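>>> Model the following, please.
(one chain, ligands or ions: 2)
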Amino acid sequence: MLPGLRIGLLGGSFDPAHEGHVAITQAALRRFRLDRVWWLVSPGNPLKARGPAPMAERLAHARRLATDPRVLVTDVEQRLGTRMTADTIAALRRIYPGVRFVWLMGSDNLVQFHRWDRWRQIAASVPIGVLARPGSRTSARHSIAALALARARLPQWQAGTLALRRPPAWVLLNLPMSRQSSTALRARK
Ligand SMILES: Nc1ncnc2c1ncn2[C@@H]1O[C@H](COP(=O)(O)OP(=O)(O)OP(=O)(O)O)[C@@H](O)[C@H]1O
Ligand SMILES: O=C(O)c1ccc[n+]([C@@H]2O[C@H](COP(=O)([O-])O)[C@@H](O)[C@H]2O)c1
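Numbers count the residues shown, from 1 in each chain. Ligands and ions are numbered 1, 2, ... in the order given. Model (predicted):
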């Protein structure tokens, strides 16, 4: 049923999920011409010292926000026992051969992408869609990973072909930016 589908993977702590996640998901579906987006609710970001709220709580809240039927909120990383994105992507590609996965992330994550475990392997295994986020759009463009992968960058007008590209391939997408963040929401509690 899934082969040939274009599926965006939005990994995150979702602690909690917010309208920024919804906005970038809608932009990714439309501009990258994706069929689905899976929100991969992470057991815990390997680079964050602070442990997140319980998985059940984060899943339930994310599901209340993700009302588009094309969006699936999943704890698949917990089920697979993977924590590093490189391992999650490798496992999903093994389980779903033929699916065209695209890794999605905000531009703040591109700034530190070179610190991720096996980041070059990630970039070599799936196309990457980067969504502009306030405060990091410019630094992302000049980040270590962006410079290292400069030749693989596609112009925005080719965003609709991203899922069909042989990796490495990536696009930095401009969109009406959202200031929402989980950090700000936690601070308001
Ligand atoms: N407002 C936003 N604009 C663009 N990208 C976003 C936005 N909010 C989250 N993202 C992206 O969504 C993914 C998951 O984000 P995450 O769940 O960590 O939320 P967050 O708001 O960044 O959390 P925190 O403030 O705790 O770091 C990341 O790739 C992040 O860059
Ligand atoms: O694999 C890594 O080394 C790695 C390092 C930092 C972040 N990630 C992933 O990036 C996604 C975004 O993380 P976060 O906490 O910013 O929402 C989430 O899926 C994390 O597991 C992955």
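
>>> which bits of the protein sit near ligand 1?
Residues of the chain lying near ligand 1 by CB under 6 Å from any ligand atom: 10, 12-15, 20-21, 24, 105-106, 108-109, 131, 133, 178, 180-183. (Glycine included, C-beta is placed from N, CA and C.)

>>> Could you list which of those also contact ligand 2?
12-13, 109.

>>> most neighbours, which of the residues you listed?
residue 109 (24 neighbours; other CB atoms under 10 Å).

>>> Using the three-state scheme, assign that residue.
Here residue 109 is recorded as helix under DSSP: H, G, I helix; E, B strand; the rest coil.

>>> if you skip the residues just before and after it, what's nearest to the residue of the chain found nearest ligand 2?
Across the chain, the shortest distance to ligand 2 (CB to the nearest ligand atom) belongs to residue 11, at 2.1 Å. Closest residue to residue 11 apart from its sequence neighbours, by CB to CB, 6 or more residues apart in numbering: residue 40 at 4.3 Å.

>>> on that earlier part again, would you write out the PyMOL command that picks the buried residues out of the residues of the chain next to ligand 1?
Selecting only the buried entries of the residues of the chain next to ligand 1 in PyMOL, with 16 or more other CB atoms under 10 Å as the criterion:
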select buried, resi 10+12+13+14+15+20+21+24+105+106+108+109+131+133+178+180+181+182
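
>>> quick one on the thing from earlier: which residues touch the residue of the chain closest to ligand 2?
40, 42, 77, 85, 88, 103-105 (CB atoms under 8 Å, 6 or more residues apart in numbering).

>>> what about 7 Å?
For residue 11, the contact set (CB atoms under 7 Å, 6 or more residues apart in numbering) comprises 40, 42, 85.

>>> For residue 146, state which of those is nearest.
Using CB to CB, residue 85 comes nearest to residue 146 of those, at 17.3 Å.

>>> count of neighbours near the closest one?
By other CB under 10 Å, neighbour count at residue 85 equals 26.

>>> That one against residue 121, yeah?
No. In this structure, residue 85 is not within contact of residue 121 by CB atoms under 7 Å, at 9.7 Å.
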